[in-house]
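Asks: Got a predicted structure plus its sequence, pasted below:
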Amino acid sequence: MSLSRIGIVSTSQTQLRPAWDSAQHIDLISAVVTDVFKGTGLTLADVDFVIDSGSDVLDGRSISNCGFLGAMGAHHKEESRVEEDGLWSAQYGAVKIGGGSARVGLIIAYSKCSEADVRQFYTTQVDPFYQRPVGFGHEEASGLQAQRYLAAGGASLEDLADLTVQRWKDAAAQGRVQIDEIPDRDAVLNSGNLARPLTGMMAARACDGAVAVLIANEEITNRTASRPVWLTGMGSSSESHSFATRSPDALDGCVAAAEQAYRHAGWKGADADVAEVSASTAVTELMALEALGLAGKGKGLKAATGGKTRVNASGGALPADPIMATGLVRLSEAARQLTHPSEFGLKAPQKAVVTGAGGVGMQTHCVMTLEV
Amino acid sequence: MGREVAIVGVGQTHHSRRRTDVSQAGLVREAVDRALADAKLTIDDIDSVVVATGPVLFAAVNQPEKWVADAIGASLKPLVRITSGGGTGLAGALGGYHQISGGFADRVLVVAYDKLSEGQLQYSISTLYDPFWGRNFAVGIMGFSAAYWRARMDELGHTEEAAAMVSVKNRKNAISNPYAHMKKEVTVEDVLNSRPLAWPIKLLDVPPISDGAAAVVLSSEDKAAESTTNPAFIRAMGYYCEADNAPARSLLQSEPLALAARRLYRAAGITNPRRQFDVVEVQEPYSCFELNYYESMGLCAPGEAAELVASGATQVDGDIPVNPSGGCMGANPIGAVGLIRLIEGATQVMGRSESIQIKGAKTALVQSGGGWANLRGLAVLSA
């Protein structure tokens, strides 16, 4: 099995805000679909297909892609909805171009969590017979993960607070996340109980926003992208639905997804100059870094802020988690770091690894490698 | 270009109105076990799993692929759910097709199902309507479909009888399908005299509501021989849409289906669909839609579908049999239907249909679709 060279031509994001109350879904989607073509010489007429990620449950609407086809520019084109994080949509688009049946694809992901009940979004994913009756859900799973990780000595509660502060600072510096006030350590520690030991701010903040990524085959990418970024490896994996049978302080699905991606790319996590990682909490961000091979087990904290690989220079998912779009935002941010390194204080990064995740306690994982 | 992709194993449940003996996970497992056995493989041989279901409100579990992951052996494998309204089964198969064609996987298990007894179907469909200007008058999909049919009656002079003939044909064929649960022969008069639900749609123009699952093993050409000497090759496949609010949208023929046909026929070397296809399987959510499809897929000229069905050409002994399996009229687990149609088309060209085998069938056309009648897919299969 081998993958052809697929390129990222351009990306576009709206600002990520806790509530985009002045814009409907179609406004957010239209904004990125219009913007993503700028400077490429391509137009909507050049797009062969649209793959999109969104959630019927978050949207409060069955087959919600149906209502947004016009805004997505999908009219009279091939279109499919991947009801999982947008990074899976990017993988679908990449294999579609790789097989030669299409040349240019538009990948879209969006979220309007402010109009939804995010807790219900996760609770309704849980097995209805054994787990729902006992009130088990995403927050509970996240709390259990944190308990086990902290008990193993990987980090202290203060470390988690400091990591959270750092992520909010980085996000504020880039300006693509709405941040009114950067919290300090005490603010994070005193932000209310989420699921012991996690406080509210140690969990990813649900946000509204949209992201679009234009991908193309090698020839068109070379002709249109001002600086092409290549998708060189991809993988995805699901863990068991049963939380009790998963490793309590590790993300085995992320390990499996990363192995697939690195095998395609021909390099290892330690070779990455940049990592953009999705995570539900400050603890699972550390677990994800370990799963990607950026740190040994229980050693994620050092890699998170002071390792050789620059991690979540965008701020990552903690300050802004547009559920269903978070992983595709990571891809967009990593591509920007590879093409505009000076904005992030980076020298000449060549390789990036990005992740998306889904489900209660991060059951599913998607990993892609990017190169310039 | 990409690699050839073949269907090497198929399985479906015995569909029924209500399966109280299994959960969603148990239901899909039945279809998966049958498909893997058919392909002479185990789950260890599968590189990647694609799940397709109807809208999650249909059965009230969000992202249900995560729940059924263990039952279908997806743990620590790529798993993704593709959903595209009623045609999601075919959209899911298309996702698996591209994974193989694009070199991501050698074997993909595609699983599609719906357990409609566990949700409020028409209520769920009503949430398809725009929350601001559509939901106040939303009445499921039937009112919209009635308007669709009425437009054909007014513009093309089609009659209620023409649609009734579709229902009569498909219900008769379903009697020979071991997986169907609606097995009762009816006459055109029975259909015309059945209770109006949203005129011109009457009770017997409407398929049943079902619980059911289907699974298909897709394989690269290299590995197909490990499963069968007689695979069904996917010669072309696509899933097109039109924006539901496009002002110029026609209610007569389906523009995305006609677009899919043009693109796919070109790719598969089909220049005369009525001559070149030996058998056709379509997803008919209401009887009248099958007539629209005849025209949109080029089996007859625009406006001539009523004559085509009246001529008997689409009967099992006609020159272009449509739905020898009975189509949706025999069983209608919506999210699975697109994949069931693919299975029925594939087993026809493999020469081992469990419904009515069309003698010597070598090339099949499979149609599926959903949404607001604005999402439309096709597959061209051959031996």
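Replies: Good, I have the coordinates. As the structure is a prediction and not an experimental result, all values here were calculated from the model.
Asks: low pLDDT regions in the chain?
Replies: Looking at chain A here, since you left the chain open. Along chain A, segments meeting pLDDT under 70 span A:1-3.
Asks: try chain B instead
Replies: Low-confidence segments of chain B, defined by pLDDT under 70: B:1, B:245-247.
Asks: That one: strands as residue ranges?
Replies: Assigned by DSSP state E, the strands in chain B fall at B:5-12, B:48-53, B:79-83, B:107-115, B:196-198, B:201-202, B:211-220, B:232-241, B:279-281, B:363-370, B:375-382.
Asks: ok, now how distant is the closest residue to B:T20 other than its chain neighbours from B:R19?
Replies: Closest residue to B:T20 apart from its sequence neighbours, by C-beta to C-beta, 6 or more residues apart in numbering or on different chains: B:S117 at 7.8 Å. Backbone N, C-alpha and C define where each C-beta goes, glycine included. Plainly put, B:S117 is 7 Å away from B:R19 if you go by C-beta to C-beta, to the nearest Å.
Asks: any shared contact partners between the two?
Replies: B:D211 (C-beta atoms under 8 Å, 6 or more residues apart in numbering or on different chains).
Asks: check which helix or strand covers the nearest residue to A:A265 once chain neighbours are set aside.
Replies: Ranked by C-beta to C-beta, 6+ apart and with sequence neighbours excluded, the top spatial neighbour of A:A265 is A:G233, at 3.3 Å. For A:G233, the host element (DSSP states H and E) is strand A:229-238.
Asks: could you dump that strand to CSV, C-alpha only?
Replies: C-alpha atoms of strand A:229-238 as CSV (Å, rounded to 0.1, in the frame of the first residue of the first chain):
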residue,chain,number,x,y,z
VAL,A,229,2.4,21.5,2.1
TRP,A,230,2.3,17.7,1.4
LEU,A,231,0.1,15.2,3.2
THR,A,232,2.6,12.4,3.5
GLY,A,233,1.1,10.0,6.0
MET,A,234,-2.3,9.2,7.6
GLY,A,235,-3.8,6.8,10.0
SER,A,236,-6.8,6.4,12.2
SER,A,237,-8.0,4.0,14.9
SER,A,238,-10.8,3.4,17.3
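Asks: That strand to strand B:79-83, inter-axis angle?
Replies: 100 degrees (axes from the mean of the first three to the mean of the last three C-alpha atoms, to 10 degrees).
Asks: elements contacting strand A:229-238?
Replies: strand A:6-13, helix A:86-98, helix A:252-265, helix A:326-339, strand A:364-371, strand B:79-83 (3 or more C-beta pairs under 8 Å, 6 or more residues apart in numbering or on different chains; DSSP states H and E).
Asks: would a markdown table of those with mean neighbour count and distance to B:S145 be doable?
Replies: Output for those, formatted as a markdown table (neighbours: other C-beta atoms under 10 Å in any protein chain shown; distance: least, C-beta to C-beta, whole Å):
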| stretch | mean neighbour count | distance to B:S145 |
| --- | --- | --- |
| strand A:6-13 | 24 | 37 |
| helix A:86-98 | 29 | 30 |
| helix A:252-265 | 23 | 42 |
| helix A:326-339 | 28 | 35 |
| strand A:364-371 | 29 | 36 |
| strand B:79-83 | 29 | 20 |
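Asks: Take those and write them to JSON lines, including distance to B:P55.
Replies: What follows is the helices and strands packed on strand A:229-238, written out as JSON lines (distance: least, C-beta to C-beta, whole Å):
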{"stretch": "strand A:6-13", "distance to B:P55": "27"}
{"stretch": "helix A:86-98", "distance to B:P55": "18"}
{"stretch": "helix A:252-265", "distance to B:P55": "26"}
{"stretch": "helix A:326-339", "distance to B:P55": "22"}
{"stretch": "strand A:364-371", "distance to B:P55": "20"}
{"stretch": "strand B:79-83", "distance to B:P55": "7"}
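Asks: Out of the ones you listed, which gets nearest to B:T363?
Replies: Closest to B:T363 of the helices and strands packed on strand A:229-238 is helix A:86-98 (C-beta to C-beta; 24.3 Å).
Asks: C-terminal to that closest one, what's the next element?
Replies: strand A:104-112.
Asks: Near chain A, which residues of the stretch 101-250 of chain B? Just list them.
Replies: With C-beta under 8 Å from any C-beta of the partner chain as the criterion, the stretch 101-250 of chain B meets chain A at residues B:101-106, B:124-125, B:127-128, B:130-131, B:238-246.
Asks: Just the buried residues of the residues you listed.
Replies: Neighbour counting with 16 or more other C-beta atoms under 10 Å in any protein chain shown marks B:101-106, B:124-125, B:127-128, B:131, B:238-245 as buried within these.
Asks: Isn't the residue nearest to B:T20 up against B:R17?
Replies: Yes. B:S117 lies in contact with B:R17 (C-beta atoms under 8 Å); the separation is 6.8 Å.
Asks: what residues are shared contacts of these two?
Replies: By C-beta under 8 Å, 6+ apart, the residues touching both B:S117 and B:R17 are B:209, B:211.
Asks: pretty sure B:F104 contacts A:K96?
Replies: No. If you go by C-beta under 8 Å, B:F104 and A:K96 don't touch, sitting 10.2 Å apart.
Asks: ok, the residue nearest to A:A265 - contacts?
Replies: A:3, A:260-266, A:367-369.
Asks: for the residues you listed, which one is nearest chain B?
Replies: Nearest to chain B among the contacts of A:G233, counting by C-beta to the nearest C-beta, is A:L3 at 5.2 Å.
Asks: how close does the closest residue to A:G98 other than its chain neighbours sit to A:L346?
Replies: Distance criterion C-beta to C-beta, 6+ apart; nearest residue to A:G98, sequence neighbours excluded, is B:G102 at 3.4 Å. Counting by C-beta to C-beta, the separation of B:G102 from A:L346 is 31 Å.
Asks: ok, the nearest residue to A:R17 once chain neighbours are set aside - how many residues close by?
Replies: Excluding its sequence neighbours, the residue lying closest to A:R17 (C-beta to C-beta, 6+ apart) is A:Q178, at 4.1 Å. Residues lying near A:Q178 (other C-beta atoms under 10 Å in any protein chain shown) number 18.
Asks: Now do A:Q178 against chain B, distance only.
Replies: Applying C-beta to the nearest C-beta, to the nearest Å, the value for A:Q178 to chain B is 25 Å.
Asks: Done for today, thanks.
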